[in-house]
Each structure stands twice: as C-alpha cells, then as structure tokens.
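# structure, please.
(2 chains)
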Number of protein chains: 2
Amino acid sequence: MRIYLAGPDVFLPDATAMAAAKKKICDRHGAVGVFPTDPVEDAAADAAATRFLEISLRNEAHIRGCDGLIANLTPFRGPSADAGTIYELGLMRGLGRPIAGYTNDARDFAARTREILGASARETAAGWTDGEGLSLEDFGCHDNLMIDGGILAAGGVFVARDLPPTLRWSDLQGFEACVVALMRGSATGY
Amino acid sequence: MRIYLAGPDVFLPDATAMAAAKKKICDRHGAVGVFPTDPVEDAAADAAATRFLEISLRNEAHIRGCDGLIANLTPFRGPSADAGTIYELGLMRGLGRPIAGYTNDARDFAARTREILGASARETAAGWTDGEGLSLEDFGCHDNLMIDGGILAAGGVFVARDLPPTLRWSDLQGFEACVVALMRGSATGY
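Numbers count the residues shown, from 1 in each chain, chains lettered A, B, ... in the order given. Next up, the predicted model:
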C-alpha cells in the first residue's frame, strides 16, 4: 500500500528528516510512504518543480498514484489544519480512497477557535460568534465538521493526542496509529 | 448546470439571504445554485441533519450531485480560506469536475501570513519562517499553492478583488465572475 503523507511537515526546517522518519514507520508496517517533495518518475517534470503550479501538479500526481493518505491535521497558524493538507485530504476523498488524520492538539475545535479569537469572540443567544458576527461551529469536532465527517464517512480514523507545543511538530505516535489503521483496513479489504 | 456554493457564508448571521442572493445570480446566468444547507431529497435524512456527521454527509451528497463548485476563498480566521470550504474544493477536484474560487481580499498569501504572524515572523537567509521555525510559502499565490494550483490545473478561475473589510462577506462580484466562467466552460465543453 502506497500512502501519501500530507501535512505542513514540508515547512519544517528538518523536513527531510521528518520525511525519513515517517517513511521508516510506514516501512515497519509494510507500507510505502510517499512524501510530497519526493521526486516524480518524470525527471524533466521534477526539475521544473520549483514554481507553484509544478509543485501542485507533482503533489496531485503523487496523491493519484497512492492507495491512501494520512494527513497531519495539527492546527497550523490558526484554528484549523494547514490549507494545502485539507485540500489534499478532500482530493483523496473525492478519489474514493482511504484517508486518515492525526492532530497533536486534542482541544475541541470550538474552544480552540474561541481562544484564538480572544476578546472578539462573543456569546449570543444563538451561540458564539466572531467579531464580524459569523457563527462558530460547536459540534465537539477536532476541526471543521467536513474534515471530521469526511474521515469518518470514509471509514478512517482521526487520532487526537494532547502534546505540549514543543512536541507538536515532531511526535509521530498519532501518525503511526494512522498507518496501523490504514494497513488494517487494507488487509480486511475496506 | 448545478453549482455547489461552498464557503463560510453558512456562518453568516444572514446566511439565508446570502443563499438567495447567490442562487439569483446563478439563475440569471442559466445555472442552478445549491447551497450547503439546502434540504436533500430524502426528508428523513434531512430531518436528521443536526449533528456533524449528518451535515457532512448532506454536504458531500450535494457536491456529488452537482456539476461544478464555486468556493468563497476569502481568508477566514487566519491566513487561509475556511477549512470546510477547502476540503469541499479538494473533494470536487477529486471528482474531476469544474471548480472556481473567489476571494474578497487580494493581498498576497505570504504578505498576509506575515501580517497575521506579526512579530513572531522572522526573515532568514532561506526566507521567512514563523515563530516555530516553519517556513512560509512565497509564490505570489492567493492561498496555499495546492489551492491556486488545483483550480488552475482544473481549468478554473480564482478571482481576487480587494475590498474593504466591511464588504468582505457581502460583495458578490467575484462570485458572479466565477458563475460566468463555469457557464462559459460548460458551454464550450471544458
């Protein structure tokens, strides 16, 4: 099983080490991990992957060539996961293949959003809103309900672990739980 | 052509009025707009759409039943678009159908991210990073490159207009440009 490793890990200063660590875990469970920055077969296309469209096309090609996807959905520069990672999760859902996600911040999405909004968040009779009057989701999810719901509907797992900020971008226990879940699903034919 | 109307518009205090306004524009151009909160055919399923999974399943069903999607990608509570909207955009891309997006904030993604990060953003020899050392994308895109790239690769448009904050959640000129683009593509068979 080839698994696409989606996440803001590509932005880490030690992204290469993170790619190697994730691939090692995949290998230990009999899977092949594919990191977004991995070269594609076509060397010419690979050489051109310096501009945004080429990078986007390479990542989409990797996703279409994989059998499943694991998304690092740890909140990134706001209440939700990284935008590119969410897009990739949706893309794999649209392709109808297994998806799984993990977050190293287990706080409830509504509580986390209120915390980030700070004093601009207001409680009204109809629930919480932001400073512009737009309402806050409050369903006990880890992120926007389309993310929690999409993973659940696909039969996947969304593993949430509460880690201190210093370990948020390095701990891979949640990731490994996703590999195990995808491989178990693969073995039982889900 | 049935067009799914993705966006954080569902969180607006006047979401019903926004749904009506968008549908009216679609109608004027010969399209049928489908708003996320529209009821589904199955009345029982509709009645149950109060919990997160039911809402998610209803929205996914709407997307699968549409011929195209227009996403309101105006930045939402952070540097990127709304998480649910991005997921839906990716899902429609995975289904291989036309997508388009608009934003009422035309600032460059990198500049906007730096502004939100404030003093924690740092310029290094290798480019800008956030306070945790994770790098910032800087490709002149409107959002994460997977979003700009995905829309472009699908042959769609990403319309960016710079509007004052007071008009950011109400102006529909960018939306209308997306309807025109999808209908033109539909007429020419793209």
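# okay, now the domains of chain A?
Chain A is divided into the following domains under automatic domain parsing: A:2-106+A:142-188, A:107-141.
# how long is the first one from one end to the other?
When the termini of domain A:2-106+A:142-188 are compared using CA to CA, to the nearest Å, they are 16 Å apart.
# if we can go back for a sec, could you dump the domains of chain A to a markdown table with mean pLDDT, mean neighbour count and distance to chain B?
Quick note: C-beta positions are derived from backbone N, CA and C, even for glycine. Formatted as a markdown table, the domains of chain A follow (pLDDT from 0 to 100; neighbours: other CB atoms under 10 Å in any protein chain shown; distance: least, CB to the nearest CB, whole Å):
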| stretch | mean pLDDT | mean neighbour count | distance to chain B |
| --- | --- | --- | --- |
| domain A:2-106+A:142-188 | 93 | 20 | 2 |
| domain A:107-141 | 94 | 15 | 4 |
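# surely A:Ser135 is in contact with A:Thr129?
Yes - contact criterion CB atoms under 8 Å: A:Ser135 and A:Thr129 qualify, at 5.2 Å.
# and for these two, which residues touch both?
Common neighbours of A:Ser135 and A:Thr129, counting by CB atoms under 8 Å, 6 or more residues apart in numbering or on different chains, are B:Pro13.
# just give me the longest helix of chain A.
Ordering each helix of chain A by length in residues (DSSP state H) puts helix A:173-188 first.
# so how far is that one off the chain centroid?
With CA atoms, centre = their mean, to the nearest Å as the basis, helix A:173-188 stands 15 Å off its chain's centre.
# got the contact list for that helix?
The contact list for helix A:173-188 (CB under 8 Å, 6+ apart) reads A:1, A:3, A:22, A:25-26, A:29-31, A:67-68, A:70, A:72, A:98, A:100-104, A:155-157, A:159-161.
# next: stretch A:87-94.
In contact with stretch A:87-94 (CB under 8 Å, 6+ apart) are residues A:4, A:6, A:59-60, A:63, A:66, A:68-69, A:71, A:73, A:99, A:101, A:146-147, A:150-151, A:154, B:86-96, B:144, B:146-147, B:150.
# go again using 6 Å as the cut-off
Around stretch A:87-94, the neighbours that count as contacts under CB atoms under 6 Å, 6 or more residues apart in numbering or on different chains are A:6, A:63, A:69, A:71, A:99, A:150, A:154, B:86-87, B:90-91, B:93-95, B:146-147.
# what's the farthest-apart pair in those?
Using CB to CB, the contacts of stretch A:87-94 span at most 21.2 Å, a distance reached by A:Ala154 and B:Ile147.
# for A:Leu69, give me its contacts.
Contact partners of A:Leu69, counting by CB under 6 Å, 6+ apart, are A:4, A:6, A:92, A:99.
# swap in 7 Å and give it another go.
By CB atoms under 7 Å, 6 or more residues apart in numbering or on different chains, A:Leu69 lies in contact with A:3-4, A:6, A:63, A:88-89, A:92, A:99.
# over to A:Arg77?
By CB under 7 Å, 6+ apart, the contact set of A:Arg77 is B:78-79, B:113, B:130.
# export these to a markdown table and append columns for secondary structure.
Below are these laid out as a markdown table (DSSP: H, G, I helix; E, B strand; the rest coil):
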| residue | secondary structure |
| --- | --- |
| B:Gly78 | coil |
| B:Pro79 | coil |
| B:Thr113 | helix |
| B:Asp130 | coil |
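# contacting chain A as well, which ones from those?
Restricting the contacts of A:Arg77 to those near chain A by CB under 7 Å from any CB of the partner chain leaves B:78-79, B:113, B:130.
# show me where chain A has its strands.
When assigned using DSSP state E, the strands of chain A occupy the ranges A:2-6, A:32-34, A:68-72, A:99-103, A:122-124, A:127-129, A:158-160.
# of these, which is nearest B:Thr16?
Closest among the strands of chain A, once you apply CB to CB, is strand A:127-129, at 16.1 Å.
# so what does that closest one touch, helix or strand wise?
Packing contacts for strand A:127-129, counted by 3 or more CB pairs under 7 Å, 6 or more residues apart in numbering or on different chains; DSSP states H and E, involve no helix or strand.
# give me the contacts around that strand.
Residues from elsewhere that reach strand A:127-129 (CB under 7 Å, 6+ apart): A:110, A:114, A:121-122, A:135-136, A:138.
# next one: stretch A:100-117
Contacts of stretch A:100-117 (CB under 7 Å, 6+ apart): A:70-75, A:78-79, A:89, A:121, A:128, A:130, A:136-138, A:140-143, A:151, A:156-163, A:167-168, A:171, A:174-175, A:177-178, A:181-182, B:77.
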